[in-house]
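J.: Fold the following, please.
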Amino acid sequence: MTAPISMLAIDLAKGSFQVCAIGADGAVLYNRVLSRSRLMTLLAEQPACVVAMEACATSHYWGRVALSQGHEVRMVPAAYVKPFVKRQKNDKADAEAIAEAASRPTMRFVAVKSAETQARAVAFRTHQCLVRQRTQLINALRGHLAEFGLVAPKGPASLKVLENALVDETSVLPAAVRKMGTIYLEQIERLTDIIERLAGELEAASKTDVQLRRLCTIPGIGPVTAGAVAAFAPDLDTFDSGRNFAAWLGLVPRQRSTGGKTRLGSVSKMGQTDIRRLLIVGAMSVIRWVIRKGGSTNRWLAALVARKPKMVAAVALANKMARMIWAMSTRQENYRMA
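T.: Below you'll find the predicted structure:
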């Protein structure tokens, strides 16, 4: 009689999947490769059990598939699986490592995202991707024209200077350079239209959603940052405190303590990079405003800017902003000036 399966540990890929079946006593029942269709059939026919996998590409899709079949899903961060991999790195060893990691009682798991949440993430990342492409085109155009003595300040705001230089008949630009420059400007204009349309949709969503509108009242947080929190952050009620949420974003010092001696380094940079980057950018904009105005009604922020370098102050303020996000979201409170 075949022993019942208590856990299926799956090493995900595009077409072939390594599946390690674990019995109730922890023994490996089998560890074999399945195709995409056979994995679907296995999840549909297998009695309810634990389905474990790494939190990686396509993992949320397979998590939703397993949940729809009545299974319990445990998604383990890849960094927490790696210590359990034995000497040789291959799919079979990875599947066993996933099973071992998922069976640990103190292991932390990633919540499965809904299709709607992932759709918001796609919209946000599309906006960010197009912004990067536009920046790349602007920098390329600036670099090409600099070879002919035409220099403009950085940023999209100075694009008009380059455009005027290309249409100026008195300049010494060759005809081929003017032609290529026009192509650059056309592509930049096309990307700008799409970026502004996507930004408008994000702003409209922040006005209709009560939670996003509440987050936008925090200084340094706009529709894009609020949308990133809604798209990438898990349910904030899963965090016990704002400090834990800030730690999940990688905005706390990295600890290297031993022998009773506490050693704190730079921020850990663990967790969700998009939210962390946007919070630091927003914090830096607030700090620039404080420096330009010569002070702030927030005494904590004014003292911080006075005694710390700008980037250190920005990270500290981003940490505080993350705690504000947690407190306002979990307690359903509006922003109040400290």
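J.: mind listing the helices for the chain?
T.: 36-45, 59-68, 78-81, 91-102, 115-146, 159-167, 175-208, 210-215, 223-232, 242-248, 273-293, 299-307, 310-331 (DSSP state H).
J.: Please tabulate these in a markdown table and include mean neighbour count and mean pLDDT as additional columns.
T.: For every residue, glycine as well, the C-beta is placed using N, CA and C. A markdown table is the format used below for the helices of the chain (neighbours: other C-beta atoms under 10 Å; pLDDT from 0 to 100):
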| stretch | mean neighbour count | mean pLDDT |
| --- | --- | --- |
| helix 36-45 | 14 | 94 |
| helix 59-68 | 18 | 95 |
| helix 78-81 | 16 | 91 |
| helix 91-102 | 22 | 94 |
| helix 115-146 | 15 | 90 |
| helix 159-167 | 16 | 84 |
| helix 175-208 | 14 | 89 |
| helix 210-215 | 17 | 88 |
| helix 223-232 | 23 | 88 |
| helix 242-248 | 21 | 90 |
| helix 273-293 | 18 | 90 |
| helix 299-307 | 14 | 85 |
| helix 310-331 | 20 | 91 |
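J.: Could you export these as a markdown table, including distance to Lys261?
T.: Supplementary listing: the helices of the chain in a markdown table, determined by distance: least, C-beta to C-beta, whole Å:
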| stretch | distance to Lys261 |
| --- | --- |
| helix 36-45 | 49 |
| helix 59-68 | 38 |
| helix 78-81 | 25 |
| helix 91-102 | 30 |
| helix 115-146 | 41 |
| helix 159-167 | 53 |
| helix 175-208 | 46 |
| helix 210-215 | 39 |
| helix 223-232 | 35 |
| helix 242-248 | 21 |
| helix 273-293 | 28 |
| helix 299-307 | 26 |
| helix 310-331 | 23 |
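J.: got the buried residues for stretch 8-26?
T.: For stretch 8-26, the neighbour count (16 or more other C-beta atoms under 10 Å) marks 8-12, 17-22 as buried.
J.: circling back: between the helices of the chain, which one is closest to Gly26.
T.: Of all these, helix 91-102 sits nearest to Gly26, with 8.9 Å by C-beta to C-beta.
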